[in-house]
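Enquirer: 3D, please:
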Amino acid sequence: MKKIKLITATLCTVFGFGLIGYSLAADKGDSKLAWKSVFDGKSLAGWHQVGDGDWVIEEGAITGKTQSAAKLYGLLVSDKKYKNLRVKFTFKSLEGNSGFYVRAHVKQPDKAHGLQVEVDPRNNTGGIYESYGRAWVSKPDEALVKKAFKHDEWNEMEILADGGHIVTWLNGVQIAESKNDPVLEAGHLIMQMHSGNKLLVRFKDIQVVEL
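Expert: Here you go, the predicted model:
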């Protein structure tokens, strides 16, 4: 009986450490996760456009640009919907206000409802904002963003949406977090060009892990 109890305790300990190890690896976006590319680097396959502005492929990146202040938002929407996921991408925000949505829904002609992670060369990049809802869910510390954000360079963003737990990282620095968030329904990934802005923003290396 003692031997059985010892074996059981050992297995529980090993299993417990395994779960802890998996959790830590996931928190760090470990390379062992099964990342899947959702951008082929040469076309907009798997995505569709809504609203104003032009989404084109330039230099291997999805590029959103307007020549003047657009009347409508310009949205690039994933054909597929996602619920619990990690998504990571690199971006270069050169002019105007942009964002990347998770669990979003489009209402014509140009409204994206859902959780937006801010992408802006001026401020708040990495902050979590609910469009047409609560507004700022987790507004980032300005000094933290300033330290992490690379102006006129490629930046790395990672977003976790697991149940009600939403977390963002900018260049490896945790920027924002929402716990017990009520936006739980599966929705689209969306890249945004904000209306009323002259825009130039680039996204590439977009990868997803479904949890």
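Enquirer: low-scoring stretches of the chain, by residue?
Expert: 1-31 (pLDDT under 70).
Enquirer: outline the domain layout of it.
Expert: Here the domain parsing of the chain from automatic domain parsing is 1-33, 35-210.
Enquirer: same list, the ones you listed, but as TSV with mean neighbour count please.
Expert: In this view, the C-beta of every residue, glycine as well, is placed from N, C-alpha and C. TSV is the format used below for the domains of the chain (neighbours: other Cβ atoms under 10 Å):
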stretch	mean neighbour count
domain 1-33	10
domain 35-210	18
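Enquirer: contacting residues for residue 170?
Expert: 125, 126, 145, 148, 149, 155, 156, 157 (Cβ atoms under 8 Å, 6 or more residues apart in numbering).
Enquirer: wouldn't the fourth one be in contact with residue 168 here?
Expert: Read it as residue 148. No - with contact defined as Cβ atoms under 8 Å, residue 148 does not reach residue 168; the gap is 10.6 Å.
Enquirer: any idea how far residue 173 lies from residue 181?
Expert: In this view, residue 173 and residue 181 are 21 Å apart by Cβ to Cβ, to the nearest Å.
Enquirer: kindly report the same for residue 95.
Expert: Distance from residue 95 to residue 181, by Cβ to Cβ: 30 Å.
Enquirer: shared neighbours of residue 148 and residue 168, anything?
Expert: Here residue 148 and residue 168 have 126, 175 as joint contacts, going by Cβ under 8 Å, 6+ apart.
Enquirer: thought residue 117 was touching residue 127, still the case?
Expert: Yes - with contact defined as Cβ under 8 Å, residue 127 and residue 117 form a contacting pair (7.2 Å).
Enquirer: which neighbours do the two share?
Expert: Shared contacts of residue 127 and residue 117, defined by Cβ under 8 Å, 6+ apart, comprise 168, 176.
Enquirer: and the helix or strand hosting residue 113, what does it pack against?
Expert: Taking DSSP states H and E as the criterion, residue 113 maps to strand 111-119. Counting contacts by 3 or more Cβ pairs under 8 Å, 6 or more residues apart in numbering; DSSP states H and E, strand 111-119 packs against strand 98-107, strand 128-131, strand 155-162, strand 187-193.
Enquirer: many thanks, I have nothing further to ask.
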